[in-house]
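Trainee: next one to model:
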Amino acid sequence: MNFWEKLEKLDRRIIYIIITLAVVLPFFFRMGLPIKISPETKAIYDYIQNLSPTDVVFISGDYDPQVDAELTPMFEAIVRHCFERNVKIVVSNVYNPQGVGLVEPRLKKLAQEYKKVYGVDYVFLGWKYGYSLLIMGMGRDFKGTWQTDYYNTSLEDLPLTSKINNYNDIALVISLTGSGAYVAWIYYAYVQFKAKIAAGITAVMAADSYPYLQAGQLIGLLGGLRGAAEYEQLIHHPSLGSAGMEAQSWSHIAIILFIILGNLGYFMSRKKK
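Mentor: Prediction:
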């Protein structure tokens, strides 16, 4: 049996091992593959970069565990950027109560890392029943709509939220979602109150959101794990998003090489016969 015949009959277990290594190793050893920054990601970065320490960014983690791998890296990158710029943050889970357990621990961890003070630099509102009613209510009476934070403290008693009356006091709303929840922010916050909206969504949903982006109803967009990795590159803090993109890229490269070698083996063997 010559080389090409051996290649054509390569044990599939060897293929599985190589693919596994291509997926796992980038999480421990960064290969440094280049990531091109898209205009829609850069738009969100530039907007936050130009905010002042008195401005407030409202982040709604409208997602559940099944899309955690794509959206949590976005959340962490945006929070890091805001904390680095000393921009105030209010975080909620307007649409999906499952997001509370995903967002709250990471927000606390990042706040400790950047030595931020709760109630002054950031506030966590958690989830409250109402969804679209909450979004509309925030445009009229922010404190009256939420009333208390996740820890049952009155918003009037927190220095940060005591100054927020409506969307005029919020520089940017960012909806991170694995569903169409970001559209509700456009309908009820942008259309009625002219709030600035950005979205972070899963890669499979990205194509549906570009009409809103092109119409100017979204100021920017993070699409899937790639969007998270792009934002990490912009803030010079590569993390799970960048590692995930490298794992995808190397596994795709390995699969393409196996396809090429398999076809070469087939045609060379057929030619010989």
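Trainee: roughly how far does residue 230 sit from residue 205?
Mentor: According to CB to CB, to the nearest Å, residue 230 and residue 205 sit 17 Å apart. (Glycine included, C-beta is placed from N, CA and C.)
Trainee: ditto for residue 76
Mentor: Taken as CB to CB, the span from residue 76 to residue 205 is 20 Å.
Trainee: pick out whichever of those two has more residues nearby.
Mentor: Using other CB atoms under 10 Å, the more surrounded residue of residue 76 and residue 205 is residue 76, with 22 against 18.
Trainee: and that one, that's in a strand?
Mentor: No. Counting by DSSP: H, G, I helix; E, B strand; the rest coil, residue 76 is not found in a strand; it is helix.
Trainee: what does the pLDDT read for the residue nearest to it when sequence neighbours are not counted?
Mentor: The shortest distance from residue 76 to any non-neighbouring residue, by CB to CB, 6 or more residues apart in numbering, is to residue 106 (6.0 Å). pLDDT for residue 106: 95.
Trainee: residue 106 is in what secondary structure piece?
Mentor: Using DSSP states H and E, residue 106 falls within helix 100-113.
Trainee: show the subsequent helix or strand relative to that helix.
Mentor: Downstream of helix 100-113 (by DSSP H and E), the next one is strand 122-126.
Trainee: ok, and what's touching whichever helix or strand comes after that next one?
Mentor: Using DSSP H and E, the helix or strand that directly follows strand 122-126 along the chain is helix 132-140. Contacts with helix 132-140, where a contact means CB atoms under 8 Å, 6 or more residues apart in numbering, come from 94, 128, 130, 144-146, 166-167, 184-185, 187-189, 192-193, 195.
Trainee: which one of those is nearest to residue 209?
Mentor: Ranked by distance to residue 209 (CB to CB), the contacts of helix 132-140 are led by residue 185 at 11.7 Å.
Trainee: and the closest one, what does it touch?
Mentor: 60, 135, 173, 175, 195, 197, 199.
Trainee: average model confidence for the helix or strand hosting it?
Mentor: Per DSSP H and E: residue 185 is located in helix 181-185. Regarding helix 181-185, the rounded mean pLDDT is 94.
Trainee: distance between stretch 129-137 and the chain's centre?
Mentor: 23 Å (CA atoms, centre = their mean, to the nearest Å).
Trainee: in it, what counts as buried?
Mentor: 131, 134-137 (16 or more other CB atoms under 10 Å).
Trainee: ok, for residue 126, nearest residue in space, not its chain neighbours?
Mentor: Closest to residue 126 by CB to CB, 6+ apart is residue 150, at 3.3 Å.
Trainee: burial measure for the one you found, as a count.
Mentor: By other CB under 10 Å, 18 other residues sit near residue 150.
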